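Participant: Need coordinates for the following:
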Amino acid sequence: MEKPDYVYKYQSAPRVAQIVRDLAFYFAPVSQLNDLYEFRVRSLYTEVPESKYRVLAKQLVHERWFDSVQEAVEAIKSGDLESQATETYAYFIQQLNAMLSSVMRHSGVTCFSQYRNNQRMWGTYGANHTGAVIEFSTSTDRSGFSSYLMPVLYVERRLELCPSEFLTDSLTLDQWLCGALCCIKHWHWRDEGEWRLLLLADSEQATEARIVPFERSAITRVFLGPRISEEDEYCIRDLAARCTPEIPVFKRKVDAEEAKEEPVGFERIHSFEQLKYWADRCSRS
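Facilitator: Numbering: from 1, shown residues only. Down below sits the predicted model:
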């Protein structure tokens with residue numbers, strides 16, 4: 001999927017203030033995510049009759065008994081290796097499920113949306129429009145973490161994925177596949193347009209290990225919700241002004257009669273980059 005130019009983090013006002021102040025992400029435990037089915041990787045793969053042969057086949061290819069997995073599978077089926085294939089597969093599934101359970105229990109995630117002004121996101125993650133949104137650049141020149149952003153894929157049914165795919169050619173767990181499957185959500189969540197950063201772990205993580213700093217240049221703008229309190233607005237604006245360079249802060253202003261809104265705070269545009277940003281959006285609206 002093509003990475004957007006910017007990603008957005010919808011949060012309550014205190015959390016936005018904390019992120020702006022500390023310039024750090026918190027990788028929340030999976031147990032805190034709102035989708036009860038997330039990270040349940042074991043529910044995503046599909047076992048078929050040939051699955052039990054493929055694990056032993058990969059082992060035989062690794063030991064150079066055969067040149068390809070399919071060749072090894074055919075040899076197992078035609079030879080006297082049925083019981084060995086069954087035992088090998090049972091042990092593999094036991095180990096795989098234990099590992100995936102550990103990953104689900106100990107990993108962390110921090111989430112973003114590709115949408116700047118999504119009403120559902122404001123209502124759910126922006127504390128019912130009393131919070132704020134932080135905009136992050138995905139340019140590698142400004143953001144070191146952008147290279148690790150992964151798109152969330154929204155699916156309606158199980159994947160046609162054999163459990164043996166978790167086994168690499170060197171007979172180790174495929175870390176990339178495991179990470180990719182931790183970015184799968186149900187189709188019902190598709191309007192979030194989510195991108196995320198993962199902290200994959202199979203052992204207990206201290207709170208300090210879940211806090212990861214990022215560059216000031218990664219933050220491009222902050223948007224305040226129309227229901228934000230005066231105290232929270234002052235706090236965020238003050239923290240943004242203390243950054244070097246200052247973080248531009250805009251506020252969503254809603255016209256109650258016409259049910260329209262526009263961001264205000266253009267007097268805080270102090271650079272050509274900011275002017276170009278708004279000129280581009282005005283030309284598209």
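
Participant: What is the burial count for Glu47?
Facilitator: Other residues lying near Glu47 total 13 when counted by other CB atoms under 10 Å. For every residue, glycine as well, the C-beta is placed using N, CA and C.

Participant: Do me a favour and get the backbone dihedrals for it.
Facilitator: phi -90, psi 130 (degrees, to the nearest 10).

Participant: In this structure it contacts Pro163, no?
Facilitator: Yes - under the criterion of CB atoms under 8 Å, Glu47 makes contact with Pro163 at 6.2 Å.

Participant: Can you give the contact residues for the strand or helix carrying Asp238?
Facilitator: Secondary structure from DSSP states H and E places Asp238 in helix 230-242. Under the criterion CB atoms under 8 Å, 6 or more residues apart in numbering, residues 13-14, 16-17, 20-21, 130, 132, 222, 224, 228, 246-249, 251 lie in contact with helix 230-242.

Participant: what about the strands in the stretch 51-200 of the chain?
Facilitator: 108-113, 132-137, 150-151, 153-155, 184-186, 194-199 (DSSP state E, counting those that start in this stretch).

Participant: helices or strands up against the first one?
Facilitator: Meaning strand 108-113. In this structure, strand 108-113 packs against strand 6-11, strand 28-29, strand 194-199, with contacts taken as 3 or more CB pairs under 8 Å, 6 or more residues apart in numbering; DSSP states H and E.

Participant: for the chain, what are the low-confidence residue spans?
Facilitator: 36-37, 256-271, 280-285 (pLDDT under 70).

Participant: per-domain residue ranges of it.
Facilitator: Following the assignment in automatic domain parsing, the chain carries domains at 6-25+116-147+194-284, 40-106+153-192.

Participant: Would you mind putting these into JSON lines with distance to Asn34 alongside?
Facilitator: Listed next are these as JSON lines, based on distance: least, CB to CB, whole Å:
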{"stretch": "domain 6-25+116-147+194-284", "distance to Asn34": "8"}
{"stretch": "domain 40-106+153-192", "distance to Asn34": "9"}
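
Participant: Any idea which residue is closest to the centre of the chain?
Facilitator: Arg196 (1.8 Å; CA atoms, centre = their mean).

Participant: List the contacts of the residue nearest to it when sequence neighbours are not counted.
Facilitator: For Arg196, ignoring the flanking residues on the chain, the nearest one in space by CB to CB, 6 or more residues apart in numbering is Cys111 at 4.8 Å. Cys111 sits next to 9, 194-196 when contact means CB under 8 Å, 6+ apart.

Participant: ranges for the helices of the stretch 101-250 of the chain?
Facilitator: Assigned by DSSP state H, counting those that start in this stretch, the stretch 101-250 of the chain shows helices spanning 119-124, 175-181, 230-242.

Participant: To Arg105, which of these lies closest?
Facilitator: Closest to Arg105 of the helices of the stretch 101-250 of the chain, according to CB to CB: helix 175-181, at 13.6 Å.
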